[in-house]
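# Predicted model, plus sequence, below.
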Amino acid sequence: MESVYKIVEIIGTSETSWEDAAKNAVETAAQTLDDLRVAEVVEQDLKIEEDKVVAYRTKVRVSFKYHGE
């Protein structure tokens, strides 16, 4: 049987790294989305306060098996 997948963009944050930010995004999405398949990092940026990096942000496209609405 053929499958269909849906893609959503999410943003994760971390105080330590972009990798942790991506992991946080995927693990949080997995709590409400079923059957995650692939995560693609599409953008990374930093939050800066008082000339210091205070957070890493990673935008991720996540695909999951589509079961209809």
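Alright, I've got the coordinates.
# for Tyr58, which residues make a bridge with it?
Rather than Tyr, residue 58 is Thr. For Thr58, the beta-bridge partners are Gly12, Gln44 (DSSP bridges).
# so which helix or strand takes in Ala21?
Element membership for Ala21 (DSSP states H and E) is helix 18-29.
# Now that helix - C-alpha only, CSV.
What follows is helix 18-29, C-alpha atoms only, in CSV (Å, rounded to 0.1, in the frame of the first residue of the first chain):
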residue,chain,number,x,y,z
TRP,A,18,21.4,24.2,17.5
GLU,A,19,21.5,20.4,17.7
ASP,A,20,19.7,20.4,21.0
ALA,A,21,17.2,22.9,19.6
ALA,A,22,16.5,20.6,16.7
LYS,A,23,16.2,17.6,19.0
ASN,A,24,13.8,19.5,21.3
ALA,A,25,11.6,20.4,18.3
VAL,A,26,11.4,16.9,17.0
GLU,A,27,10.8,15.3,20.4
THR,A,28,8.1,17.8,21.3
ALA,A,29,6.4,17.3,17.9
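# can you pull the buried residues of it?
Across helix 18-29, burial judged by 16 or more other Cβ atoms under 10 Å covers Trp18, Ala21, Ala22, Lys23, Asn24, Ala25, Val26, Ala29. Using the backbone N, CA and C atoms, a C-beta is placed for each residue, glycine as well.
# Next: stretch 55-69.
For stretch 55-69, using 16+ other Cβ under 10 Å, the buried residues are Tyr56, Arg57, Thr58, Lys59, Val60, Val62, Ser63, Phe64.
# now stretch 28-43
Buried residues in stretch 28-43, counted by 16+ other Cβ under 10 Å: Ala29, Leu33, Ala39.
# In contact with the closest residue to Ser17 other than its chain neighbours, which residues are there?
Setting aside the residues directly before and after it, Ser17 is nearest to Tyr56 in space (Cβ to Cβ, 6 or more residues apart in numbering), at 5.7 Å. Neighbour list for Tyr56: Thr13, Ser14, Glu15, Thr16, Ser17, Trp18, Asp20, Ala21, Gln44, Leu46, Lys47 [criterion: Cβ atoms under 8 Å, 6 or more residues apart in numbering].
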